[in-house]
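In: Compute the structure for the input listed below.
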Amino acid sequence: MTEWKEMTGPERYRVVEMARSGAMQLKDICETFQVSRQMLDRAIAKVEEAAMEALEPKAPGRKPATEEAQQITALLKKAYSLEQDLEHWKKRYEVAQTFIEILRDHNDETPKRPASSGNAKKHKKKRPRRKRVSRSVSEHGSTERLVEGDDGAGASDDNGESVSADAADEGAER
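Out: The predicted structure follows:
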């Protein structure tokens, strides 16, 4: 016969069942399989505990996933999402490279304009300076409209017509 230390789980279970059923006396079982009475009593208690636990009513459905399984699932979803993003950006990169190649081909095919003689910079047309209009009040309470132009002397009367500096002085004296 095999010793208790060398037995597998199913073999030990058969020994425990022999002890529970009373097929052999406990003293003879202990001597035959070289197991202590305390070890045999613990094995019988474990079998009974496992049997009762197996018969306990349980909630219907699957057991909830363990925390590790939830983390693995979350990481797999994230990895899948990152792979999708990578594919998206690869396609965008390929499209951009294609546009760059098209632009290079187009620029190579278009004839270049000859440089104009003289200064190659484009000249902006000068805009005429705006005239500043101000009003002054004469000694007698009438208002005069003065317009400063490019020449700096540009005084004008109330009608907006240019007048000379002497005429402006005369109007101011009035």
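
In: When you work out contacts or count neighbours from here on, use the C-alpha atoms and nothing else.
Out: Fine.

In: Phi first, then psi, for residue 62.
Out: phi -80, psi 160 (degrees, to the nearest 10).

In: tell me the pLDDT at it?
Out: At residue 62, the model reports a pLDDT of 85.

In: separation between it and residue 71?
Out: 18 Å (C-alpha to C-alpha, to the nearest Å).

In: who has more neighbours, those two?
Out: residue 71 (12 against 6; other C-alpha atoms under 10 Å).

In: Name the secondary structure element that contains the more buried one.
Out: helix 67-109 (DSSP states H and E).

In: Would you state the strands of the chain in chain order?
Out: Secondary structure of the chain by DSSP state E: the strands cover 132-137, 143-148, 155-156, 162-163.

In: Neighbours of residue 100, how many?
Out: 12.

In: ok, it - contacts?
Out: If a contact means C-alpha atoms under 8 Å, 6 or more residues apart in numbering, then residue 100 has no contacts.

In: Try it again at 10 Å.
Out: 94, 106 (C-alpha atoms under 10 Å, 6 or more residues apart in numbering).

In: Let's see the pLDDT reported for it.
Out: 92.

In: Could you measure from it over to residue 44?
Out: 80 Å.

In: give me the number of residues near residue 26?
Out: 18.

In: Sorry, wrong one. I was asking about residue 15.
Out: 19.

In: gap between it and residue 76?
Out: Taken as C-alpha to C-alpha, the span from residue 15 to residue 76 is 47 Å.

In: Equivalent analysis for residue 91, please.
Out: 23 Å.

In: hang on, residue 36 packs against residue 5?
Out: No. With contacts counted by C-alpha atoms under 10 Å, residue 36 stays clear of residue 5, the gap being 11.1 Å.
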